[in-house]
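1. next comes the sequence, and after it the predicted model I'd like to discuss.
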Amino acid sequence: MKPIQMTRRPLVAALAALSLLASASTALAQAPAKLKVGLMLPYTGTFASLGTAIENGFRLYVAENGGKLGGREIEFFKVDDESDPSKATDNVNKLIKRDNVDVLIGTVHSGVAMAMAKVAKDSGTLLIVPNAGADAVTGPMCAVNIFRSSFSNWQPGYAMGEVMAKKGLKKVVTITWKYAAGDESVKGFKEAFEKGGGKVVKELSLPFPNVEFQSLLTDIAATKPDAVYTFFAGGGAVKFVKDYAAAGLKKNIPLYGSGFLTDGTLEAQGADADGLLTALHYADSLGTPRDNAFRLSYAKAYKLQPDVYAVQGYDAGQMLGIGLSAVKGDVSKKAEFAAALHKAKIDSPRGPFTISKSNNPVQDFYLRQVTGKENKVIGIASKGLSDPGRGCRL
Ligand code: BEZ
């Protein structure tokens, strides 16, 4: 039998193919693993639209960066937390233990966020809160791996308290949902308002997410305050603004609020929201090149106008990107990740902001007035306002 002969040309081709294969597999072996991001947000209930806007904003930032942050491709996992604190620990554990996520992004509701923060602190999982203002998250529960891209409940309440005291209002009734966000918003408001010479004469509340406002509105009418301060958001805010006008209160007792009262809600509130004054860290008419570019790309991607929740989701993406770039994608380097955020000036559509020692945004609060379908800026309610971070030891 003749030995099999190999001519020179096919041999060279085979060797070249082998070396190509080898370098492709080295490249594959070196590609960092995908970064698993767990989105824990409400997709049902009174805060459903807020959860969707946050996810949209976060995904927009990731898409603008080619699907990668800190050199790692992003893989998403999702849980609907239903804004239900009683399910929160199980829900966050689904993401941590079942899906093995590297990072948690969530959530909207303060009670759910506190349960998330406890699990994040105990497990050491990186958490970025893209809305919930629970003061404790950047207060007594603060940790090197827990950040917020939004606000503390104290902040917009305090900003509006300063504004209303300066207006010379003296006697105010507050009304809100009875849970951390409502209680803390009123507390922040009261601190600034009473420091400025006003008095909170009655604090009204109803359980979250109830919207049976009638008896409370009757109480307001009977008390005849100079004004009302309120915290409601999402579907509850829509109903409250409509009920307040329908009860005939709007023309006699001015209604003020933290800006969640009229953010992402104006289509549904219609003329009943016209003229309302609120304080928030975002508005529809900032008109800066940064915000214009963001609004255009959000509208292109989702055929929707962005709101404060979309901005907070987008900025959670920015914060994750800044931290990950500093640690070259290695989320276990917590101190270096945090140091990068403490040094950063975040180029947000809301305007630049920094991160405090307790990991909460230090930012401007705008005074806004509803004009048609927009929250228009009419002034600065509080410049560079930092949450006091009471009880945080970092
Ligand atoms: C909160 O529960 O912290 C919250 C919910 C909606 C809007 C703002 C704050």
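-> Ah, there it is. Residues are numbered from 1 along each chain as shown.
2. give the contact list for the closest residue to the ligand within the stretch 201-350 of the chain.
-> Of all residues in the stretch 201-350 of the chain, the one sitting closest to the ligand is residue 233 (3.5 Å; C-beta to the nearest ligand atom). Placement of C-beta: from N, CA and C, glycine included. For residue 233, the contact set (C-beta atoms under 8 Å, 6 or more residues apart in numbering) comprises 46-47, 50, 181, 260-261, 263.
3. equivalent analysis for residue 265, please.
-> So residue 265 contacts 234, 237-238, 241, 273 (C-beta under 8 Å, 6+ apart).
4. swap the cut-off to 6 Å and go again
-> Under the criterion of C-beta atoms under 6 Å, 6 or more residues apart in numbering, the contact list for residue 265 reads 237-238.
5. residue 378 contacts residue 367, doesn't it?
-> Yes. Under the criterion of C-beta atoms under 6 Å, residue 378 makes contact with residue 367 at 5.5 Å.
6. the more surrounded of those two?
-> residue 367 (22 against 14; other C-beta atoms under 10 Å).
7. what's the helix or strand for that one?
-> Residue 367 belongs to strand 361-371 when assigned by DSSP states H and E.
8. so residue 175 sits in a strand?
-> Yes. Under DSSP: H, G, I helix; E, B strand; the rest coil, residue 175 sits within a strand.
9. the ligand contacts on the stretch 51-200 of the chain?
-> Contacts of the stretch 51-200 of the chain with the ligand, taken as C-beta under 6 Å from any ligand atom, map to 108-110, 131-134, 153, 181.
10. try 5 Å this time
-> Neighbours of the ligand within the stretch 51-200 of the chain, by C-beta under 5 Å from any ligand atom: 109-110, 132-133, 181.
11. Serialize the residues you listed to TSV and add fields for pLDDT, neighbour count and secondary structure.
-> Output for those, formatted as TSV (pLDDT from 0 to 100; neighbours: other C-beta atoms under 10 Å; DSSP: H, G, I helix; E, B strand; the rest coil):
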residue	pLDDT	neighbour count	secondary structure
109	98	34	coil
110	98	28	helix
132	98	27	coil
133	98	30	coil
181	98	27	helix
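12. in these, find the pair that's most separated.
-> Greatest spacing in those, by C-beta to C-beta: 109 and 133 (10.0 Å).
13. could you list the domains of the protein?
-> Using automatic domain parsing, the domain parsing of the chain gives 35-151+286-359, 154-280.
14. if we compare the ones you listed, which one ends up closest to residue 394?
-> The nearest among the domains of the chain, by C-beta to C-beta, is domain 35-151+286-359 at 5.6 Å.
15. check the separation of the first and last residues in the closest one.
-> This stretch, domain 35-151+286-359, spans 22 Å end to end (C-alpha to C-alpha, to the nearest Å).
16. re the thing from before, in helices, which of the contacts of residue 233 fall?
-> The helices, defined by DSSP state H, take in 50, 181 from those.
17. in strands only, show me the contacts of residue 233.
-> The members of those all map outside strands under DSSP state E.
18. can you list the residues of the stretch 201-350 of the chain near the ligand?
-> Counting by C-beta under 5 Å from any ligand atom, the residues of the stretch 201-350 of the chain near the ligand are 233, 260.
19. so where does residue 188 fall, helix or strand?
-> With DSSP H and E as the test, residue 188 turns up in helix 180-195.
20. then residue 53?
-> Assigned by DSSP H and E, residue 53 falls in helix 48-64.
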